[in-house]
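Participant: The following block contains a protein sequence and its predicted model.
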Amino acid sequence: MLELAILGLLQETPMHGYELRKELATKLGMLRAAISYGTLYPTLKRLKLAGWISEAETNSDIIPPMTSKRGRVVYKITAEGKERFADLLTQTGPETYDDTGFGVHFTFFSRTDQATRLRILEGRRRRVEERREGLREVLARAADRLDAYTLELQRHGLDACEREVRWLEELITNERSGRAPSRGRTLSSEAPAVTASGPETATPPELPRPHPDRP
């Protein structure tokens with residue numbers, strides 16, 4: 001997924017390593033904790049060896065003070081890298097339905113064809129529905145044995161799954177009718193905020209409601 005994200009960003013514009021990490025952190029949300037320089041630069045090296053990106057020295061006058069040698073290198077996507085990015089966009093395996101995979105692919109949906117978008121959305125919906133049914137089963141089977149806070153956490157997870165399923169169904173309906181998501185949607189609406197770790201609920205969980213059988 002990091003490979004897809006890097007190639008996608010470099011297709012927009014060449015970047016220095018520090019710029020690339022900043023953009024990755026902005027676009028990939030919760031995944032930013034995993035994007036250290038120790039993760040980024042080995043990936044860049046691998047992409048360069050594969051011929052998907054190239055690097056060149058840049059004018060030192062535009063580099064911020066105290067920037068390392070790595071910061072003086074600008075990375076560019078190659079023609080082969082653009083082909084690789086296009087190929088990655090068409091992949092719709094199980095990894096594209098998981099939280100991280102879905103979040104990264106969703107970030108580049110505007111450059112993904114409609115059929116692929118639909119397959120990923122439908123696969124993600126199935127994945128979340130399975131998670132929702134698992135939570136429902138836990139609540140139905142073990143609610144009496146859970147303390148108030150654990151029970152509230154399970155309820156919150158179930159609520160988040162139900163909201164995401166409704167959001168995905170709306171997106172799928174729009175895709176099938178050829179409509180893009182509304183740009184007028186507000187953060188307070190029902191749609192979860194999508195990051196590379198998956199859609200998140202737009203509102204924080206409610207305060208715990210004590211279970212009637214628990215103090």
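Facilitator: Yep, it's here. Numbers count the residues shown, from 1 in each chain.

Participant: now the protein, which segments are flagged as low pLDDT?
Facilitator: Segments of the chain classed as low confidence (criterion: pLDDT under 70) are 29-35, 57-71, 183-215.

Participant: again, only this time at 80
Facilitator: Of all residues in the chain, those with pLDDT under 80 make up the ranges 27-38, 57-72, 180-215.

Participant: which residues in it form strands?
Facilitator: 15-16, 53-57, 73-77, 193-195, 198-200 (DSSP state E).

Participant: residues making contact with the third one?
Facilitator: Applying C-beta atoms under 8 Å, 6 or more residues apart in numbering, the external contacts of strand 73-77 come out as 7, 10-11, 14-17, 20, 44, 52-58, 85. The C-beta positions use only the backbone N, C-alpha and C, and glycine is treated the same way.

Participant: if I pick Glu133, what's in contact with it?
Facilitator: Contacts for Glu133 (C-beta under 8 Å, 6+ apart) come out as none.

Participant: List the buried residues in stretch 165-179.
Facilitator: Within stretch 165-179, the residues scored as buried using 16 or more other C-beta atoms under 10 Å are Val165, Trp167, Leu168, Leu171, Ile172, Glu175.

Participant: Break the protein down into its domains, please.
Facilitator: Here the domain parsing of the chain from automatic domain parsing is 2-89, 99-178+194-200.

Participant: that older thread, just send the buried residues of stretch 165-179 back as JSON lines, with distance to Glu3 too.
Facilitator: Shown next, in JSON lines, are the buried residues of stretch 165-179 (distance: C-beta to C-beta, whole Å):
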{"residue": "Val165", "distance to Glu3": "29"}
{"residue": "Trp167", "distance to Glu3": "27"}
{"residue": "Leu168", "distance to Glu3": "25"}
{"residue": "Leu171", "distance to Glu3": "25"}
{"residue": "Ile172", "distance to Glu3": "27"}
{"residue": "Glu175", "distance to Glu3": "25"}
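
Participant: and which of the residues you listed is nearest Gly123?
Facilitator: Gly123 lies nearest to Leu168 out of the buried residues of stretch 165-179, by C-beta to C-beta, at 10.0 Å.

Participant: Glu83: neighbour count?
Facilitator: For Glu83, the neighbour count with other C-beta atoms under 10 Å is 12.

Participant: Start from the N-terminal end of this structure and give the helices.
Facilitator: For the chain, helices defined by DSSP state H occupy the ranges 2-12, 17-27, 37-49, 79-89, 99-107, 114-142, 148-177.

Participant: quick one, the fifth one and helix 79-89 angle?
Facilitator: It stands for helix 99-107. With axes from the mean of the first three to the mean of the last three C-alpha atoms, to 10 degrees applied, the angle from helix 99-107 to helix 79-89 works out at 120 degrees.

Participant: other SSEs contacting helix 99-107?
Facilitator: helix 2-12, helix 114-142, strand 193-195, strand 198-200 (3 or more C-beta pairs under 8 Å, 6 or more residues apart in numbering; DSSP states H and E).

Participant: ok, now with 6 Å
Facilitator: Judged by 3 or more C-beta pairs under 6 Å, 6 or more residues apart in numbering; DSSP states H and E, the packing partners of helix 99-107 are strand 193-195, strand 198-200.

Participant: Noted, bye for now.
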